[in-house]
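**Student:** Any chance you can model this:
(chains A and B)
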Amino acid sequence: MDDKADRADITASLAGDGEAYRRIVQRHQSLVARRMRRFARDAGAVEELVQDVFVEAYFSLPGFSGKAPFEHWLNRIATRVGYAFLKRRQQQMKMAGNEIALENRIAAEPANADEAAETLHRVLDQLSPRDRLVVTLLHLENRTVAETAALTGWSQTMVKVQAFRARGKLRKLLERTT
Amino acid sequence: MSEIEFIQKLDAASGNAPSIDVADKVIRRIRLARPGATGSGPMWLAAMMSALAAAAVLLVAVQSFSGLQDPFGDLLTPVWTAFQ
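**Tutor:** Below is the predicted model of the structure:
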């Protein structure tokens, strides 16, 4: 990703140039969408989350120090937005009393991409937001413990403990259903 | 297959994210959240212009009022004359 172009457009955005911020969004939206797709299944919800990330990023731009590449900074915001979505969603499902129970058996060999995505979300929906976040970052985005700690704001020890618990829950869940 | 391999396999099988373009919607939401942002020049300029406009309205209002009751005497007359 072109960090030099990002920095020039950030300076212009801070001076009120809307076109500069539009260019930033266009450069990074695919990457953010790919990440948000792991937090939400529905295409509309994914798009909403991508928008949330860029709106939050815009209003936080004055706080961007420029020490790390813009993409790293944006990733932290995307993680925060995704995690907040998971927590909100879990609360809504609890209040509505319709927590999604995993079916007795889940397909180990999904027929197509849509079914694979559906199954993945159904499995991950069974985890708490913290467990799901750590599994997503460590095992689906293949980030290191240090990167996961930086993105979540947790300590590396906390990341390891959380990941150990999450894997245990996932294992039990899949033993019952596959 | 371990639990991690299982979800990784599902993730890989779920294909690529469809391309999206949210730029217009993002800019619109920012403008709604903060009118004046991302558009017509620096924000401090917009704030200064609106402060000047408010001061001018206040001045005219005070001058009109003073025309009826003369609370400031001739104090604002030079300013008022300059505006005219």
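**Student:** drop to CA atoms for contacts and neighbour counts, all remaining ones
**Tutor:** Noted.
**Student:** What ranges does chain A have for its helices?
**Tutor:** A:3-14, A:18-36, A:43-60, A:70-96, A:113-124, A:129-135, A:145-152, A:156-177 (DSSP state H).
**Student:** what's the angle from the third one to helix A:70-96?
**Tutor:** The reference is to helix A:43-60. Angle between the axes of helix A:43-60 and helix A:70-96 is 130 degrees (criterion: axes from the mean of the first three to the mean of the last three CA atoms, to 10 degrees).
**Student:** Quick one: list the elements packing against helix A:43-60.
**Tutor:** Helices and strands touching helix A:43-60, by 3 or more CA pairs under 8 Å, 6 or more residues apart in numbering or on different chains; DSSP states H and E, are helix A:18-36, helix A:70-96, helix B:23-33.
**Student:** tell me which residues of the longest one are tucked away?
**Tutor:** Residues of helix A:70-96 classed as buried: A:70-71, A:73-83, A:85-86, A:90 (neighbour count, 16 or more other CA atoms under 10 Å in any protein chain shown).
**Student:** same check, this time on the shortest one
**Tutor:** Of the residues in helix B:23-33, those with enough neighbours to count as buried (16+ other CA under 10 Å) are B:Ala23, B:Val26, B:Ile27, B:Arg28, B:Arg29, B:Ile30.
**Student:** quick one, what contacts the nearest residue to the last one once chain neighbours are set aside?
**Tutor:** Pointing back at B:Ile30 there. Once flanking residues are discounted, B:Ile30 sits nearest to A:Val55: 6.2 Å by CA to CA, 6 or more residues apart in numbering or on different chains. Taking CA atoms under 8 Å, 6 or more residues apart in numbering or on different chains, we find A:Val55 in contact with B:Val26, B:Arg29, B:Ile30.
**Student:** List the buried residues of the helix or strand of chain A with the lowest mean pLDDT.
**Tutor:** Ranking every helix and strand in chain A by mean pLDDT, DSSP states H and E puts helix A:113-124 at the bottom, with a mean of 88. If you call a residue buried by 16+ other CA under 10 Å, then helix A:113-124 has these buried ones: A:Ala113, A:Glu115, A:Ala116, A:Ala117, A:Glu118, A:Thr119, A:Leu120, A:His121, A:Arg122, A:Val123, A:Leu124.
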